[in-house]
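>>> next one to model:
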Amino acid sequence: MSLVKKSLTAFVLLLTQACALLPQQQATSETASSSQKPPVSETLRPLPDDSVYELLVAELSLRDQDLDTALQLYRHQADRTRDQGLIETTARLADYMDQYAVAADYAQRWLLREPDSSEAHFILASTLSRLGRPLDGLPHMQRVLELGGDSNFAAMAATTLSRPAGEIDAFFTALQAIARKHPQDNSLRIAQALMMQYRQREEEALAITRKVLAEEPANPHALLIETRTLSQLERHEEALERLKYAVDQNPRHKRLRHDLARRLVKTDLYQAKAHYEVLARQHPQDNDILLELILINRELSNTEEAEKQLQSLSNSPRQSSRAHYLLGRMAEEDQDWDDALRHYESATQLPEFDEASRRLASISLSTDGREQTLERLANWRQRLPEQAEFIYLLEAEILRKANLNQRGFALLSQGLEQLPNSDKLRYARSLFAERIGDLSAVETDLRHILARDPDNSAALNALGYTLANLSSRLDEAEQLVRRALELAPNDPAILDSYGWILLLKGDLQGALVHLEKAFDQSQDHEIAAHLGEAYWLLGREDDAYKVWQAGLRDTPDSPIIYDTQKRLNLLND
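Numbering: from 1, shown residues only. Got it, this is the predicted structure:
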């Protein structure tokens, strides 16, 4: 055996072991499946010699839980070699990492060669749903069912409920059509029941759910829908009894026990406490559960026990930070703002730090005003140089919301002197540069990022959009944003940029396609401004005003919608 083949064999064995070490994926909705990702198949492939080293680095990155590096390397090699096994690995890993656009892309490539792969159809259905395209994903989940795989229509239904009403209706109609073809499938039944519950068709939801429970009495998703439907019908005692049964049947199901604990808070604090204690043992990293347990102990006047629970978190810097974060939350509950600020300033370690700093800024803005908050954050930044990047970004966001763009640019310039390799600060500074019309500064920062990371879709999009707005370099702008769109084909901001550039170039129909797709995913006021202008130029005045009004709902003082209407001579000064 050649040295290359020996290395490749070792790599494949390592890869198989590493994938087995990956933790189980957590469900992202109350109806999502909790099954583990299938391992990468152990196959030998005639890869180029110079691919072996990079793939070995990817494998070692997996073992070190450096998933970003692993995914980047697998993508590179999958694109370069077009190897089917690497395409499958990339799709699985991206799906595990919630990199939905990437996972969907590679699942589609997977299906080009294996159109009957139920796993590829499942990944594509799930990721399209999470990308805001549940209707596009539904035929793929149907195909999983037809191929004999484990389907999960319920997770797709849960995701769909956050979409606009028209999409919910369309999904429900399509789901019903599939259910008529497969009337005995419990995944379809649970999805139907969930949507019935959402539509307040409680009796129908109960009837469907109980068909599932007749066959699977311990099905946690069916029990969850049943108990919540009973609550909607105000059949509270029955809901409580069914919840107790559900928890007995599924003692490690977090959401069922949490529902029961919250319900018991209203009727029996001692029983509620017992269930929260179980939850705290089962999920020791869940700050919210621990906080609720401490609040119950305070309500029961178990002050010593509450203090012990907090003291138990203070044995290390990491736990101390967690304790201060929880104490800050408790102080907020009591509206003791000074105490909350003091505790949040002491929550200096990740993962609590980011949320603690946001809460600190929010409270300080409300109680002290903008300038004192900025001074507080600046002082905090000096005391915590290891967290300086995040604090700089927090300060910059406050300045951005206040339209203090020159100050924001100056602040981030100061930050880059301290942290010259921070792409986050450089990207944030480019946004301020765009606001003050400094194209040269925008281009310098974004091209610096792209020199280090050529596939940074956010930087490609920002540079292309800025070139379109601040220069006549529309062809270059289109090329940059097109590349960003290839990397993230469903990102609404990128779709908006591409549509806007096409509009500026006079391609109204092409612009409309991309702007409508962007607006379907996000009713952001900037997207609304661009889509409304496209409609107006096409003579669809009523549609233009509807879209502008939708954009103004969340941003009633939108300067871009105002400027658009003024430029189209639709406003009287």
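>>> stretch 468-487: which residues count as buried?
For stretch 468-487, the neighbour count (16 or more other CB atoms under 10 Å) marks 468-470, 473-474, 477-478, 480-481, 483-485, 487 as buried. C-beta: built from backbone N, CA, C; applies to glycine.
>>> do the same with stretch 371-389
For stretch 371-389, a neighbour-count test (16+ other CB under 10 Å) marks 373-374, 376-377, 380-381, 384, 387-389 as buried.
>>> and for stretch 269-284?
By neighbour count on 16+ other CB under 10 Å, the buried set for stretch 269-284 is 272-273, 275-280, 283.
>>> how far does that stretch sit from its chain's centre?
28 Å (CA atoms, centre = their mean, to the nearest Å).
>>> just the pLDDT for S2.
At S2, the model reports a pLDDT of 31.
>>> thinking again about what came up before, among the buried residues of stretch 269-284, which ones are in strands?
Judged by DSSP state E, strands contain none of the buried residues of stretch 269-284.
>>> ok, E333 to H530 distance?
With distances taken as CB to CB, to the nearest Å, E333 is found 43 Å from H530.
>>> more neighbours, the two?
More neighbours surround H530 than the other of E333 and H530, with 27 against 12 (other CB atoms under 10 Å).
>>> pretty sure that one sits against L503.
Yes. Counting by CB atoms under 8 Å, H530 does reach L503; the two are 6.7 Å apart.
>>> spit out the residues that contact these two alike.
511, 515 (CB atoms under 8 Å, 6 or more residues apart in numbering).
>>> so which of the buried residues of stretch 468-487 comes closest to D496?
Proximity of the buried residues of stretch 468-487 to D496 (CB to CB) peaks at V481, which lies at 9.6 Å.
>>> from A94, how far off is L67?
For L67, the distance to A94 equals 10 Å [CB to CB].
>>> please read the previous query as pertaining to Q549.
For Q549, the distance to A94 (CB to CB) stands at 37 Å.
>>> can you pull out the helices in the stretch 301-450 of the chain?
Using DSSP state H, counting those that start in this stretch, the helices of the stretch 301-450 of the chain run over 303-311, 317-333, 337-346, 352-367, 370-383, 388-401, 405-418, 423-435, 439-452.
>>> show me what the shortest one is packed against.
What it means is helix 303-311. Applying 3 or more CB pairs under 8 Å, 6 or more residues apart in numbering; DSSP states H and E, one finds that helix 303-311 makes contact with helix 287-299, helix 317-333.
>>> so which residues make contact with it?
Outside helix 303-311, the residues touching it (CB under 8 Å, 6+ apart) are 290, 293-294, 297-298, 323, 326-327.
>>> now with 6 Å, please.
Contacts to helix 303-311, defined as CB atoms under 6 Å, 6 or more residues apart in numbering, come from residues 294, 297-298, 323.
>>> run a quick neighbour tally on the nearest residue to L399 once chain neighbours are set aside.
Leaving aside its sequence neighbours, L399 sits nearest to G408 (CB to CB, 6 or more residues apart in numbering; 3.9 Å). G408 has 25 neighbours, counted by other CB under 10 Å.
>>> cool, Q549 as well?
Neighbour count for Q549, taken as other CB under 10 Å: 12.
>>> got a list of what E533 touches?
By CB under 6 Å, 6+ apart, the residues touching E533 are T564.
>>> same list (the contacts of helix 303-311) but as JSON lines, adding distance to Y106, pLDDT and neighbour count.
Output for the contacts of helix 303-311, formatted as JSON lines (distance: CB to CB, whole Å; pLDDT from 0 to 100; neighbours: other CB atoms under 10 Å):
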{"residue": "I294", "distance to Y106": "44", "pLDDT": "79", "neighbour count": "23"}
{"residue": "N297", "distance to Y106": "48", "pLDDT": "81", "neighbour count": "22"}
{"residue": "R298", "distance to Y106": "50", "pLDDT": "76", "neighbour count": "16"}
{"residue": "A323", "distance to Y106": "42", "pLDDT": "75", "neighbour count": "22"}
